[in-house]
Every structure is written in structure tokens, then in C-alpha cells.
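>>> Got a sequence here, can you model it:
(chains A and B)
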Amino acid sequence: ETGVTQSPTHLIKTRGQQVTLRCSSQSGHNTVSWYQQALGQGPQFIFQYYREEENGRGNFPPRFSGLQFPNYSSELNVNALELDDSALYLCASSSPQGAGYGYTFGSGTRLTVV
Amino acid sequence: KQEVTQIPAALSVPEGENLVLNCSFTDSAIYNLQWFRQDPGKGLTSLLLIQSSQREQTSGRLNASLDKSSGRSTLYIAASQPGDSATYLCAVIHNYGQNFVFGPGTRLSVLP
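Next up, the predicted model:
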């Protein structure tokens, strides 16, 4: 049984560019959630995908978008990058067992916008 | 809107001390509460999960309690060790949602 894998681990982008972050969910998990964690703060919920459909969204603008694929892996896309988008982006996968059960977090992607 | 706060923001203690980390939340309609550990620049590791109907959970030297009516949880760490140094995050999930709402964390340093 593998855990949650995120790629890349680190990324530097220029303001205004676009970025795609990737997440492979844990085997047997069909739900993927994305969180943004600014330095010194707790993670903030971006959105969740369940069976390839968006299943909830936090207070993030539309330039944050996502996809989930049939194998339950997921992408987070951010357009028109801003300096404040610099953060650790965490992906978490979970089973359909119930809220909060079996969540597994990846190690994150550290995005720096310059 | 649910808000989660944690006190203290940072804590430095000598090895061997027992310590308590505090978490407060504003909306008591939670499904469960979890405590996570985060090492610098890393992802989150779940430590303890307390269902809304439970009062406490224990794992090794860790004990977490939940008082839903007052919107409070505490994480008790017994006989602290330098390897316990990390940031500890408290998070709740609502009855009506599927996402965690996290507190800002407590940064713990255990000195040898």
C-alpha cells in the first residue's frame, strides 16, 4: 500500500505565470483534497474532488482550479500567480469511509513565487 | 464560520517535562477533531482522532481530550523528548462538511 505522493517537491515561478501541481492518492482512496499552508499558519482548504467532480471549495478565487483523473490522482492548477501564492501545497486523500477517517497527507509542494 | 485557535503559539521546554497544548473552536457542531504533527517543511502526520461523541483518546505518551460543549481540546504529552520537537496542529471537521479547519499550530521545542 503506497502513501500520497506529490510532485514536484519544490518549485519557483515568476509572478503572472501558471503552475500545475500533482498528487497521487493512496491506494483505495477516491477522494482528494488540496490545502494551502502559508509560512507560520495552519493549512487552508482549497477544494476537494470526489469521483472526478469538485465536491466542496474553500475561499479561493477561480484562478485556483483542479482535476481528478479516473485513477483518482489529481492536479491543482494556479493561473496568474501572485506573490501571496507562495506556500506549501498539501494534498490529502481519503476513503469513502466517512468524514475525517483515513486521511493521508502528502509531503507537499513548496511553491515560491518571485 | 468556524475558527480554530491554539495556545501557546510556541513552547520551549526541557526534556522530560509533561506539557499541555490547547485548542479552541467556535462552532461546536463538529464531527470529529484531530491532532496532527508537522515537521519543518513536511506534510502532516495524524496523531489522534476524537469523535464528537468521545471525551478522549490515548496513544502512547499522548492523550487528547475533547469538550465539545465548551469548544476545547487539549493534547497532553508526557515525559517529552527532543524527538517530539515539531509543530502540533489541531483540526476539526464539521457535521456539514468534508474539509478540515485547522488552527495555526503550536511550535514545540524540547531541549536535551
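>>> Write down the beta-bridge partners of the residue in chain B positioned nearest to chain A, one by one.
Proximity to chain A, evaluated over chain B using CB to the nearest CB, is greatest for B:Phe102 at 3.3 Å. C-beta: built from backbone N, CA, C; applies to glycine. Assessed by DSSP bridges, B:Phe102 has beta-bridge partners B:Ala91.
>>> burial of it, as a residue count?
23 (other CB atoms under 10 Å in any protein chain shown).
>>> For it, give me its contacts.
A:Tyr35, A:Gly42, A:Pro43, A:Gln44, B:Val4, B:Leu89, B:Cys90, B:Ala91 (CB atoms under 8 Å, 6 or more residues apart in numbering or on different chains).
>>> quick one, helices of chain B?
Using DSSP state H, no helices are found in chain B.
>>> Low-confidence bits of it, can you list those?
B:95-97 (pLDDT under 70).
>>> What parts of it come near chain A?
Within reach of chain A by CB under 8 Å from any CB of the partner chain, chain B has these residues: B:4, B:31-32, B:34, B:36, B:41-46, B:49, B:89, B:91, B:93-94, B:97-105.
>>> packing partners for the lowest-mean-pLDDT helix or strand in chain A?
One helix or strand of chain A scores below all others by mean pLDDT, DSSP states H and E: strand A:104-105, with a mean of 88. If contacts are counted by 3 or more CB pairs under 8 Å, 6 or more residues apart in numbering or on different chains; DSSP states H and E, strand A:104-105 sits against strand A:87-94, strand B:44-51.
>>> Pipe those strands into CSV and attach distance to A:Val114 per row.
What follows is those, written out as CSV (distance: least, CB to CB, whole Å):
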stretch, distance to A:Val114
strand A:87-94, 14
strand B:44-51, 27
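>>> B:Gln38 and B:Cys90 touch, don't they?
No. Under the criterion of CB atoms under 8 Å, B:Gln38 is not in contact with B:Cys90, lying 11.6 Å apart.
>>> Tell me which of those two has more neighbours.
The neighbour count for B:Gln38 versus B:Cys90, taken as other CB under 10 Å, is higher for B:Cys90 (28 against 22).
>>> That one and B:Gly71 touch, don't they?
No. B:Cys90 lies out of contact with B:Gly71 (CB under 8 Å); the separation is 11.4 Å.
>>> Now do the shared contacts for those two.
With CB under 8 Å, 6+ apart, B:Cys90 and B:Gly71 have common neighbours B:Phe25.
>>> quick one on the thing from earlier: okay, the helices and strands packed on strand A:104-105 in a markdown table with distance to A:Thr104 and mean neighbour count next?
Formatted as a markdown table, the helices and strands packed on strand A:104-105 follow (distance: least, CB to CB, whole Å; neighbours: other CB atoms under 10 Å in any protein chain shown):
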| stretch | distance to A:Thr104 | mean neighbour count |
| --- | --- | --- |
| strand A:87-94 | 6 | 24 |
| strand B:44-51 | 8 | 19 |
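>>> List just the one of these that sits closest to A:Gln26.
strand A:87-94 (4.8 Å; CB to CB).
>>> And the residue of chain A that's closest to chain B?
For chain A, CB to the nearest CB, closest residue to chain B: A:Gly42, 3.3 Å.
>>> quick one, what contacts that residue?
Applying CB under 8 Å, 6+ apart, the residues near A:Gly42 are B:Val4, B:Leu89, B:Ala91, B:Phe102, B:Gly103, B:Pro104, B:Gly105.
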